[in-house]
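Novice: Return atomic coordinates for the entry below.
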Amino acid sequence: MADQLVVSLNTIKKHLQNIYKKLGVSNRTSLLSFLMP
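Specialist: Numbering: from 1, shown residues only. Alright, predicted model coming up:
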C-alpha cells in the first residue's frame, strides 16, 4: 500500500494511529467492531 501511494510505511502507520485515536479504538479488530455494530 505504501509503495502504491509513494509514502513510507511509517507514514501509513502514523495515519492509522491518528484514525484509531480519533475513533477511540486501539487496533484493527476494534476498528472493525466500531464500523460494523
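Novice: can you point me to the longest helix in the chain?
Specialist: With secondary structure taken from DSSP state H, the chain has its longest helix at helix 9-23.
Novice: Buried residues in that one, which are they?
Specialist: For helix 9-23, the neighbour count (16 or more other C-beta atoms under 10 Å) marks residue 20 as buried. For every residue, glycine as well, the C-beta is placed using N, CA and C.
Novice: Quick one: list the elements packing against it.
Specialist: The contact analysis (3 or more C-beta pairs under 8 Å, 6 or more residues apart in numbering; DSSP states H and E) places helix 9-23 against helix 2-5, helix 28-35.
Novice: so where's this protein shaky on pLDDT?
Specialist: Where the chain drops to pLDDT under 70, the residues are 1-2.
Novice: any idea how far residue 27 is from the residue nearest the centre of it?
Specialist: The structure's the chain has its C-alpha centroid closest to residue 16; by C-alpha atoms, centre = their mean the separation is 2.5 Å. Computed as C-beta to C-beta, to the nearest Å, the residue 16 to residue 27 distance reads 10 Å.
Novice: I'd like the distance between the closest residue to residue 5 other than its chain neighbours and residue 19.
Specialist: Leaving out its chain neighbours, the residue that sits closest to residue 5 by C-beta to C-beta, 6 or more residues apart in numbering is residue 12, at 7.7 Å. Computed as C-beta to C-beta, the residue 12 to residue 19 distance reads 11 Å.
Novice: Could you do residue 5 as well?
Specialist: On the measure of C-beta to C-beta, residue 5 and residue 19 end up 15 Å apart.
Novice: Also residue 25?
Specialist: Distance of residue 25 to residue 19, given as C-beta to C-beta: 8 Å.
Novice: anything in contact with each of these two?
Specialist: The contact sets of residue 25 and residue 19 overlap at residue 31 (C-beta atoms under 8 Å, 6 or more residues apart in numbering).
Novice: ok, and the closest non-adjacent residue to residue 30?
Specialist: Of all residues not flanking residue 30 in the chain, residue 20 sits nearest, at 7.7 Å (C-beta to C-beta, 6+ apart).
Novice: got it, and residue 33?
Specialist: Nearest non-adjacent residue to residue 33, counting by C-beta to C-beta, 6+ apart: residue 25, 7.8 Å away.
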